[in-house]
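Peer 1: Need coordinates for the below:
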Amino acid sequence: MTQVFVNLPTTDLDRSKAFYTAIGCEINPLFTDENAACVVWSDDIFFMILKREFFATFTDKPIADPHEVAQVSVSFSRTSREDVDEIVDKALAAGGTEPKPAQDYGFMYSRDIDDPDGNSLGFLYMTPEAVENGPEHVG
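Peer 2: Presented below is the predicted three-dimensional model:
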């Protein structure tokens, strides 16, 4: 089994922990300290939220400011359109921003959110027909 760890920079670790717990994630205290927090999305997906200075110790490359440039956008599938709206509403209430309106393609519905540091997250629902047969075979 492969586990996925996504490292994200933050300027305010406590604010980031509050944001991610507000949208339903848990913090794993075994891998959380004054420099980083382990955000648990599922049994196999984790975000390591790292203070920018600590993040910089893992690379010789400059750390992008996610408010200014997009380097990666992580997307999560949800079980329904309502589930997409529910998590985005929680994210907005917790200090996130929605950079563009919802995208409705018929077979797929998606909304994006930027966390308070500007890191981009996507949430989408795709009809079972599209998942099984591809979007060109829907409707």
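Peer 1: Would you mind measuring the gap between the ends of stretch 111-127?
Peer 2: 15 Å (Cα to Cα, to the nearest Å).
Peer 1: low-confidence ranges in the chain?
Peer 2: Low-confidence segments of the chain (pLDDT under 70): 137-139.
Peer 1: in it, which helix has the most residues?
Peer 2: Ranked by number of residues, the top helix in the chain under DSSP state H is helix 81-93.
Peer 1: and for the following helix or strand past that helix, what are the contacting residues?
Peer 2: Downstream of helix 81-93, the first helix or strand assigned by DSSP states H and E is strand 103-104. Around strand 103-104, the neighbours that count as contacts under Cβ atoms under 8 Å, 6 or more residues apart in numbering are 109-111. C-beta: built from backbone N, CA, C; applies to glycine.
Peer 1: Closest to the centroid, which residue in this protein?
Peer 2: By Cα atoms, centre = their mean, the mean C-alpha position of the chain lies nearest to residue 121, the distance being 3.6 Å.
Peer 1: Fine by me, we can end here.
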